[in-house]
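Undergrad: let's see this in three dimensions:
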Amino acid sequence: MDLRQRYDATTSGLEPPFAVVDLDAFRANAADLVRRAKGKPIRLASKSVRCRALIERVLAMDGFAGIMAFTLPEALWLSEKRVSDDILVAYPTTDQAALGKLAADERAAATVTVMVDSIEHLDLIDQATGGRPIRVCLDIDAAFRALGGTVRIGARRSPVHTPQQAATLAAEITGRRGLNLVGIMAYESQIAGVGDIPPGRPARGRMIRAMQSRSRIELARRRAAIVKAVHAVWPDLEFVNGGGTGSVEMTASERAVTEVAAGSGLYQPHLFDHYSNFRGRPAALFALPVVRRPSPGVVTCLGGGYMASGPGDKVRLPQPYLPTGLAFDGNEGAGEVQTPLLGSTADLLNVGDRVWFRHTKAGELCERFTELHLIENNRVIGAVPTYRGEGHAFL
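TA: The predicted structure is shown next:
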C-alpha cells in the first residue's frame, strides 16, 4: 500500500477538509532533532505546533525541555494549564494587561520569561508591574553583516548587536528593581530558516552555503563575546538560547550556547525540504475533496487558500502532495473557496476523491482547523484540539 492509499484508507471515515498528524513521522522527526542537538536540551517553539496535546507529547520525550512561546497571553495560558514550568516568550510584548497579569500571578511570574531588547521594553514592564519580580531575557541580533555593515542578511529583530550594547542593556536591567535577567537569546534566521539546496538553483545554493558558513563563524565568535560581556555584568544567567530547526547541530556545537530552539521540524512543512544537513518526514497534512472536473487535465478542490506568512511569493502556497503530478493554476493559486489543480494526474481523480497537501510553514496550518486527527499504525487513534479548537487565536 503506497502512502496515498494508506492515508485515504486510514481516514475513510472522515469528511474533508480535515488535517492530520502522522505520529510515526512526528516521533521520528522529534528523535532526529534530539540526535542533531548532541545532548543539549531543545526548547520547543510552540508557534510551530499550536496544539497543546502535541506540545505535551513532545515535552514528555527525552531531549526536550521548556517552551518558546510566541505571545505573552499564550505563555500565561500554557502556565495556567501546567504545560511547562519554563516558558520563554520569544518576542517582546507591549501588552500592559498581560504584563500586569504576569506580575500578579506568583506561578506565572516564576514560570514565564519575557523578551527585551531596549530600554523602552524595560519601561513598559516597570509601568505594568510596579517593580514586582519579572524574569527577562535579552534578545540579540544574530543577523550577518558584511561590507562594513552595508549588507545585512537575517531577520530584523533586536537592535542589540555588539557585546558592548548587550552589556550596557544588561546593566540597565540588573539596575532596575524587580527585573531578573535570566537568559540570552539569538536566533540566526539566515541559517536556521533558509534551505541551502534550493531546487533547480545550484548557483544560488552555493551562494547560500558560502554566506551561511561565514555567518556561522562570525556569530559563534560574537555570541561567545556577548555572553562573556553579559556575564561580567550579571553572572547568574540560566540559559543561552539559539538556533532553529535548520541549524540545530551547528548552534548546539557552540560552547556558549546552553540550549537550542526548534519546532518546525516536528511537522516538517515543505519550506524545510531543502536542507543538506537533515531530511524530515512530512508529518502534518491536510486533505481537500475534489468537487469539480471542469475540463480534461483539471480538477477543483473545495477551499485550500491556506497561505503562509512571509514575502508574497509562490513559496507561501501550500503544496499539492498526494497524488503526485498536480500543480496550481497560475491565475487562481490556492483559493478561499476553491482551488483548481492542473496536470495529467487530474484525469485519474473523480469527484469525491481527496488531494493531500502540505503547508508551507508549521503551526500556521492549525489556525485553519479546530482539531488534528492523529494517525498511528494505519488507523486514526483520535483527535486533539488545536489552539483554535480550544478557543484561542493568540496572534
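Undergrad: ok, and the closest non-adjacent residue to Arg135?
TA: Thr113 (4.1 Å; CB to CB, 6 or more residues apart in numbering). In this view, the C-beta of every residue, glycine as well, is placed from N, C-alpha and C.
Undergrad: I meant Ala28, not that one.
TA: Here the nearest residue to Ala28 in space, its sequence neighbours aside, is Arg281; by CB to CB, 6+ apart that works out to 5.5 Å.
Undergrad: before we move on, what about Gln96?
TA: Ala128 is the one closest to Gln96 (CB to CB, 6+ apart), at 4.5 Å.
Undergrad: would you say the one you found is within a helix?
TA: Yes: using DSSP: H, G, I helix; E, B strand; the rest coil, the secondary structure at Ala128 is a helix.
Undergrad: so the residue nearest to Arg135 sits against Met185, correct?
TA: No: the pair Thr113 / Met185 is not scored as a contact, 9.5 Å apart, by CB atoms under 8 Å.
Undergrad: what's the overlap in contacts for the two?
TA: Counting by CB atoms under 8 Å, 6 or more residues apart in numbering, the common neighbours of Thr113 and Met185 are 88, 137.
Undergrad: for the protein, longest strand please?
TA: Criterion DSSP state E: the longest strand present in the chain is strand 284-295.
Undergrad: that one pairs with which strands?
TA: Paired neighbours of strand 284-295 in the sheet (DSSP bridges): strand 18-22 (antiparallel), strand 298-302 (antiparallel), strand 354-358 (antiparallel).
Undergrad: for Gly154, which of the ones you listed is the nearest?
TA: Nearest to Gly154, of all these, is strand 354-358, at 25.8 Å by CB to CB.
Undergrad: ok, and what's touching that closest one?
TA: 4, 7-8, 16, 269-270, 282, 284-290, 299, 301, 304, 306, 318-323, 326, 341, 349.
Undergrad: stretch 208-216 too?
TA: Stretch 208-216 is contacted by residues 144, 146, 153-154, 188, 190-191, 194-196, 198, 247, 250, 276 when judged by CB under 8 Å, 6+ apart.
Undergrad: same thing but 6 Å
TA: With contact meaning CB atoms under 6 Å, 6 or more residues apart in numbering, stretch 208-216 is reached by 144, 190-191, 196, 250.
Undergrad: so which of these is the most crowded?
TA: Highest neighbour count within these, by other CB atoms under 10 Å: Ile191, with 26 neighbours.
Undergrad: about what we covered before: could you flag which of the contacts of strand 354-358 are buried?
TA: Neighbour counting by 16 or more other CB atoms under 10 Å classes 7-8, 16, 269-270, 282, 284-290, 299, 301, 304, 306, 318-323, 326, 341, 349 among the contacts of strand 354-358 as buried.
Undergrad: what sits closest to the one residue sitting closest to the centre of the chain if chain neighbours are left out?
TA: Among the residues of the chain, Ser48 comes closest to the average C-alpha position under CA atoms, centre = their mean, at 3.6 Å. Counting by CB to CB, 6+ apart, the nearest residue to Ser48 once its immediate chain neighbours are dropped is Gly263, at 3.0 Å.
Undergrad: who are the contact partners of the residue nearest to the centre of the chain?
TA: If you count contacts by CB under 6 Å, 6+ apart, Ser48 has them with 263-264, 362-363.
Undergrad: cool, Leu102 as well?
TA: Going by CB under 6 Å, 6+ apart, Leu102 touches 108-109, 112.
Undergrad: hang on, the earlier thing: for the residue nearest to Arg135, what are its contacts?
TA: By CB under 6 Å, 6+ apart, the residues touching Thr113 are 88, 135, 137, 182.
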